[in-house]
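S.K.: Just the structure for this:
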Amino acid sequence: MNVVLAKTDTGRAVSTSFALARERLPGSGKVAEQRRQAFEAFERAGLPHRRIEDWKYTDLRVLMREVLPLAAAPDTAALSRAEAALKLYAIEGTRRLVLVDGVFAPKLSDLGKSEKGLSVRALREVLEAGDGALQGQLLASDNSNPMIALNTAMATDGVVIEIANGTVLEQPLHVVHIASATTPAAMFTCSLLRLGRDASATLVESFVATEGTKAYQTYDSLIVSLGDNARLEHLRLIEDGLEAFNICSAAVTLGAHAQLNTFGMVSGASVSRYQPTIVFAGEGTRVDTNGVNLIKGRQHADTTMFMDHAVPNCASREVFRAVIDDRAHSVFQGRIVVRPDAQKTDAKMMTRALLLSDEAEADNKPELEIFADDVTCGHGATTGALDESLLFYLRARGLPEKEAQALLIQAFVGEAIESIASDLLREHVIAAAQRWLEARG
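M.R.: Modelled structure (predicted):
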């Protein structure tokens, strides 16, 4: 018996979007074929739903329902709006690389004299140039995750950053994703960061919108490769508009004796999900990852992380904090796998959620899968409200209730924010957190 699967309205709309977008998508030959295969994989799976274990708490068929049409390439007016937004979100002292509505914007980027050993190119340029080695890294061949498959199929642009062996970048790189569309639209980007042996760099990613931007969807994929003895500081700041959807993934591969320090903060977007996969491919490597969710209203923020300890003598630390107000929903799923050969692994994970209202919701799901016998591993999760005795103490000394709450919230998220090594970047994150507290009233 032959079974024919009927497309839903959403499926037909996405198929139409892909057909219309093909002429705008860079790359031909093998690249076009990879895109086609990825899109077919997405069509077979559709939007993820709660019956898929990894998506149990983030059912996109309910939360999102549809994939919006591809955003138009930014015109002069869009670039002007983006330039105005940069005045608020740019970080002084960084090298700025700007994507507007999913398209690299050289006029808004800092492409002047670069540090020796640094190469920056647009994704479109790399795909159209036919660089087979880079193309193989940029477009994922594993289409098992439908949202990564969709991004592979639809990615219009991004940045390709290569840092040569032994290069130590003094200036942080700041990739700014700006949504400026005046009608509902989707943006698809894919970027690559490759650090050579003994190289060191700092990467900041910001997701923001111009004033007056309508509902939009941002899809992004980041591929990171660290050579032996390389070091990367990585910050992600999600400050999208409150009607936005932000679905991002990262695939990180670490060489021997590498060091990765990551920090992410979500304060914007109606629905966001970040799904990094970190693979230890060389011994003696350490990862420290910290995250903060500051959400309110009906926001939904999901971090689903997979840490793959595949080799011996590596260490990882995961520390996450969530502050949840009103009817917002925070999700943290952290999965650590220790392979049979990964002896002497030291892996710990801790997540804490602070509920500011009776209707706030937190789902924490730390997981450990250990197949080696000589390891030190642990995980924990806590959920609670503000300490009433501390609130009383502060209010008894004349502080209004909201100010007292703000002080306790700052202390709660402080441990994660203090992990940021750069004073400049730490102050920028503190300012972003302060904006959230002020908006809360």
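S.K.: ok, which stretches of this structure are helices?
M.R.: Taking DSSP state H as the test, the helices found in the chain are 9-21, 30-45, 60-63, 76-89, 123-129, 132-138, 146-154, 388-396, 401-417, 423-440.
S.K.: among those, which is nearest residue 292?
M.R.: helix 401-417 (4.9 Å; CB to CB). Where you see a C-beta, it was placed from the backbone N, CA and C, and this is true even at glycine.
S.K.: Return the set of buried residues in that closest one.
M.R.: Buried residues in helix 401-417, counting neighbours by 16 or more other CB atoms under 10 Å, are found at 404-406, 409, 412-413, 416-417.
S.K.: Max pairwise distance over those residues: which two?
M.R.: Spatially, the most separated pair among those is 404 and 416, at 21.1 Å (CB to CB).
S.K.: out of the buried residues of helix 401-417, which one sits closest to residue 286?
M.R.: Using CB to CB, these come closest to residue 286 at residue 416, 17.2 Å.
S.K.: Just the pLDDT for the residue nearest to that closest one when sequence neighbours are not counted.
M.R.: Excluding the flanking residues, the one nearest residue 416 by CB to CB, 6 or more residues apart in numbering is residue 290, at 4.1 Å. You'll see residue 290 listed with a pLDDT of 96.
S.K.: Let me see the contact set for residue 290.
M.R.: Counting by CB atoms under 8 Å, 6 or more residues apart in numbering, residue 290 makes contact with 262-264, 318-320, 415-417, 419.
S.K.: cool, and residue 343?
M.R.: Contacts of residue 343 (CB under 8 Å, 6+ apart): 312-313, 372-375.
S.K.: pLDDT value on it, please?
M.R.: At residue 343, pLDDT is 97.
S.K.: ok, now residue 300?
M.R.: 98.
S.K.: Residue 272 is in contact with that one, correct?
M.R.: Yes. Assessed by CB atoms under 8 Å, residue 300 is found in contact with residue 272 at 7.3 Å.
S.K.: Settle it for me: which of those two has more neighbours?
M.R.: Ranked by neighbour count (other CB atoms under 10 Å), residue 300 and residue 272 place residue 272 first, with 26 against 23.
S.K.: and that one, what are its bridge partners?
M.R.: residue 246, residue 301 (DSSP bridges).
S.K.: what's the average pLDDT for stretch 431-441?
M.R.: 90.
S.K.: what sits up against that stretch?
M.R.: Contacts for stretch 431-441 (CB under 8 Å, 6+ apart): 237, 239, 265, 267, 292, 294, 296, 325, 402, 406, 409-410, 413, 417.
S.K.: Adding distance to residue 81, write these out as JSON lines.
M.R.: Shown next, in JSON lines, are these (distance: CB to CB, whole Å):
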{"residue": "237", "distance to residue 81": "19"}
{"residue": "239", "distance to residue 81": "16"}
{"residue": "265", "distance to residue 81": "24"}
{"residue": "267", "distance to residue 81": "21"}
{"residue": "292", "distance to residue 81": "28"}
{"residue": "294", "distance to residue 81": "25"}
{"residue": "296", "distance to residue 81": "26"}
{"residue": "325", "distance to residue 81": "30"}
{"residue": "402", "distance to residue 81": "33"}
{"residue": "406", "distance to residue 81": "32"}
{"residue": "409", "distance to residue 81": "32"}
{"residue": "410", "distance to residue 81": "32"}
{"residue": "413", "distance to residue 81": "31"}
{"residue": "417", "distance to residue 81": "30"}
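S.K.: Greatest separation within these: which pair is it?
M.R.: 237 and 402 (23.9 Å).
S.K.: ok, residue 286 touching residue 316?
M.R.: Yes. Residue 286 lies in contact with residue 316 (CB under 8 Å); the separation is 7.1 Å.
S.K.: Between those two, which is the more surrounded one?
M.R.: Using other CB under 10 Å as the criterion, residue 286 and residue 316 rank with residue 316 on top: 23 against 18.
S.K.: Could you check the pLDDT of the more buried one?
M.R.: 98.
S.K.: what residues are up against it?
M.R.: 278, 280, 286-289, 307, 309, 336, 346-349.
S.K.: if we go to 7 Å?
M.R.: 287, 307, 336, 347 (CB atoms under 7 Å, 6 or more residues apart in numbering).
S.K.: Mind checking which of the residues you listed land in strands?
M.R.: Of these, the ones assigned to strands by DSSP state E are 287, 307, 336, 347.
S.K.: Would you mind checking those residues for buried ones?
M.R.: Here, 16+ other CB under 10 Å leaves 287, 307, 336, 347 buried among the ones in strands among the contacts of residue 316.
S.K.: could I get these as CSV with distance to residue 129 and pLDDT?
M.R.: As requested, those are exported to CSV (distance: CB to CB, whole Å; pLDDT from 0 to 100):
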residue, distance to residue 129, pLDDT
287, 33, 98
307, 34, 97
336, 39, 97
347, 40, 97
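S.K.: want to throw those into CSV with distance to residue 193?
M.R.: Below are these laid out as CSV (distance: CB to CB, whole Å):
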residue, distance to residue 193
287, 15
307, 19
336, 23
347, 24
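S.K.: biggest separation within these, which pair?
M.R.: Among those, 287 and 336 lie farthest apart (CB to CB), at 10.5 Å.
S.K.: Excluding chain neighbours, what is closest to residue 380?
M.R.: With CB to CB, 6+ apart as the criterion, residue 380 has its nearest non-adjacent residue at 5.0 Å, and that residue is residue 350.
S.K.: ok, what's across the strand from that neighbour?
M.R.: residue 319, residue 380.
S.K.: Verify the stated contact: it with residue 319.
M.R.: Yes. Counting by CB atoms under 7 Å, residue 350 does reach residue 319; the two are 5.6 Å apart.
S.K.: just for the stretch 101-250 of the chain, where's the confidence low?
M.R.: 131-132, 139-141 (pLDDT under 70).
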